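>>> Starting from these lines, generate the structure:
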Amino acid sequence: MTTSAAVPTGSEGAIPAGDTVTDRLVEANRLYAEAFTDPGMDASPVLHVAVVACMDARLDLHQALGLQLGDCHTIRNAGGVVTDDVIRSLTISQRKLGTRSVVLIHHTGCGLEALTEDFRTELEMEVGQRPSWAVESFHDVDQDVRQSMQRVRTSPFLLHTDDVRGFVFDVRTGLLREVDPA
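Numbering: from 1, shown residues only. Have a look, this model is predicted:
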């Protein structure tokens, strides 16, 4: 498994002098585009599913779920938390692009387990403005998945709330474990 953009680098994977990580990504895109062919798809996912997951770099969702380009909508944020913006994306996904199922994926060893809402106060002290958003930290990953499932199931904006399932991805084994919504 590779863990960096497949662009030639200096010795031992170092980014050549004067280059930034963004330059490396742009170069990787240039190489990708050379072989790119339009797959002829529209924005509606083939499997009619939206996956909400944590942004953790250890989660390769397409690989872990056996998905191909065009199969699903993927919505990611810190913790895979169902926030107002996630509901916004799910609403558009369902109402305008035909998704009917929602899969929620949190994971073991999440960084949000080590944070508290005090992080907002720390930011306020540092920058002089309190963030309007909640950190959404947690101590029990299963309970956090249940809370996310409940937020999806009770949203008045979502049309399809009968097929909402939540999982915990084990970052050591790669296995999903389903969380009972009860």
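>>> Any idea what the residue most central in space within the chain is bridged to?
Residue closest to the mean C-alpha point of the chain, counted by CA atoms, centre = their mean, is Arg76 at 2.2 Å. Arg76 forms beta bridges with Ala53, as assigned by DSSP bridges.
>>> Run through this protein and note the low-pLDDT ranges.
Low-confidence segments of the chain, defined by pLDDT under 70, are located at 1-18.
>>> Domain boundaries for it, per the record?
Here the domain parsing of the chain from automatic domain parsing is 1-36, 49-179.
>>> Include distance to Ala43 when you put those into JSON lines, please.
Backbone N, C-alpha and C define where each C-beta goes, glycine included. Listed next are the domains of the chain as JSON lines, based on distance: least, CB to CB, whole Å:
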{"stretch": "domain 1-36", "distance to Ala43": "17"}
{"stretch": "domain 49-179", "distance to Ala43": "6"}
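>>> mind listing the strands for the protein?
49-54, 72-77, 101-107, 164-169, 176-179 (DSSP state E).
>>> Show me what the longest one packs onto, helices and strands only.
Where contact means 3 or more CB pairs under 8 Å, 6 or more residues apart in numbering; DSSP states H and E, strand 101-107 is packed against strand 49-54, helix 141-153, strand 164-169.
>>> Give me the residues contacting the longest one.
Right, helix 141-153. 52, 79-82, 87, 90, 102, 104, 106-108, 110, 112-113, 138, 158, 161, 164-168, 179, 181-182 (CB atoms under 8 Å, 6 or more residues apart in numbering).
>>> try it again with 6 Å
Defining contact as CB atoms under 6 Å, 6 or more residues apart in numbering, one finds that helix 141-153 is touched by Val82, Val102, Leu104, His106, Phe138, Thr161, Val164, Gly166, Val168, Val179, Pro181.
>>> Now the phi/psi pair for the last one, please.
Backbone torsions of Pro181, given as degrees, to the nearest 10, read phi -70, psi -10.
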